[in-house]
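Trainee: give me a model of this one.
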Amino acid sequence: MVRRTPTQSFRRGEQGGQAGLRLGRGVSCFRRGDDTKKVQLERALQALDPIVRPIASSEQIPTPAPIAAEMLWMAHAKTDIAGRSVADLGSGNGILAIGAKLLGASRAVGVESDPQAVAVARRNGERARVDVEWRHGHVTSFRDQVDTVVMNPPFGAQTRHADRPFLDTAMAVGRVVYTFLNANAEGFVRQRIEDAGGRIDQRHEYAFPIPHLFSFHRETAREVPVLLYRVEAAKG
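Mentor: Next comes the predicted model:
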């Protein structure tokens, strides 16, 4: 178990920008040392436009760039990104799919039910100069088999069990799954993954910052305990 506290990373990435990027097809666009590459990735993700009018019922909470970069870098280190097909379920503004492509994914697909979010993601992909397939539809409509799934699904705070179709689809289509989850729902999520034949081989803790986005938010910002799982899905 690893405790992650990326507060300093948030401060470092505030300026955004894409300095140092060298974009290419099918290979990582970052050419320098590993530490520099990770910082470049974080800055590139920080520069992406957010969803202007997030939908509360869909729990469109943005994935912070430092945490998204850390997830993707972790997956990259496990050889789950470069040269692999990657799907981002519930892709929002496209941060995970775009990041995967920047790290050399051979194919990246973003699946999102909100047309506004798809439009934002498409613009972000064009600005980042990466080729991502954007699909408008519910995650259950996605049937393509991929090497890796990366996702920040709804936690079920507004709609009970909203995470179920994301988990079930990810386990059905992905060889490896990286997913965030509400730490308070760990028992349920773990059981559902294991019932589907999955094996959790990495577990990391984060304090996930939630900004004031919706009318029912009473605080300017707060932190929610979130876990990141790496799951090997049962195949064959």
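
Trainee: which regions of this protein sit below the pLDDT cut-off?
Mentor: The chain contains residues with pLDDT under 70 at 1-33, 54-60, 156-159, 161, 211-221, 236.

Trainee: can you map out the helices along it?
Mentor: The residue ranges that make up the helices of the chain, judged by DSSP state H, are 7-12, 34-46, 65-77, 95-102, 115-128, 164-173, 186-195.

Trainee: tell me the angle of the longest one relative to helix 95-102?
Mentor: Relative orientation of helix 115-128 versus helix 95-102 (axes from the mean of the first three to the mean of the last three Cα atoms, to 10 degrees): 30 degrees.

Trainee: pick the most buried one from the helices of the chain.
Mentor: Between the helices of the chain, helix 95-102 has the highest mean count of neighbours, a mean of 30, where neighbours are mean count of other Cβ atoms under 10 Å. The C-beta positions use only the backbone N, C-alpha and C, and glycine is treated the same way.

Trainee: residues making contact with that one?
Mentor: Applying Cβ atoms under 8 Å, 6 or more residues apart in numbering, the external contacts of helix 95-102 come out as 21, 23, 28-30, 41, 44-45, 48, 62-63, 65, 68-69, 71-72, 75, 81, 86-88, 91, 108-110, 121, 124-125, 128, 130-132, 148, 150-152.

Trainee: please state the offset of stretch 86-103 from the chain centre?
Mentor: Mean C-alpha position of stretch 86-103 versus that of the full chain (Cα atoms, centre = their mean, to the nearest Å) differs by 6 Å.

Trainee: start to end distance for it?
Mentor: As for stretch 86-103, its first-to-last residue distance stands at 11 Å under the measure Cα to Cα, to the nearest Å.

Trainee: what does stretch 89-96 give?
Mentor: Start to finish, the residues bounding stretch 89-96 are 9 Å apart (Cα to Cα).

Trainee: pull out the buried positions in that stretch.
Mentor: Neighbour-count burial for stretch 89-96, with 16 or more other Cβ atoms under 10 Å as criterion, is recorded at Leu89, Gly90, Ser91, Gly92, Asn93, Gly94, Ile95, Leu96.

Trainee: in strands, which of the residues you listed fall?
Mentor: With strands identified by DSSP state E, the entries of the buried residues of stretch 89-96 that belong to them are Leu89.

Trainee: kindly reformat the buried residues of stretch 89-96 as JSON lines and extend each row with distance to Tyr229.
Mentor: Output for the buried residues of stretch 89-96, formatted as JSON lines (distance: Cβ to Cβ, whole Å):
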{"residue": "Leu89", "distance to Tyr229": "14"}
{"residue": "Gly90", "distance to Tyr229": "16"}
{"residue": "Ser91", "distance to Tyr229": "18"}
{"residue": "Gly92", "distance to Tyr229": "19"}
{"residue": "Asn93", "distance to Tyr229": "22"}
{"residue": "Gly94", "distance to Tyr229": "22"}
{"residue": "Ile95", "distance to Tyr229": "18"}
{"residue": "Leu96", "distance to Tyr229": "15"}
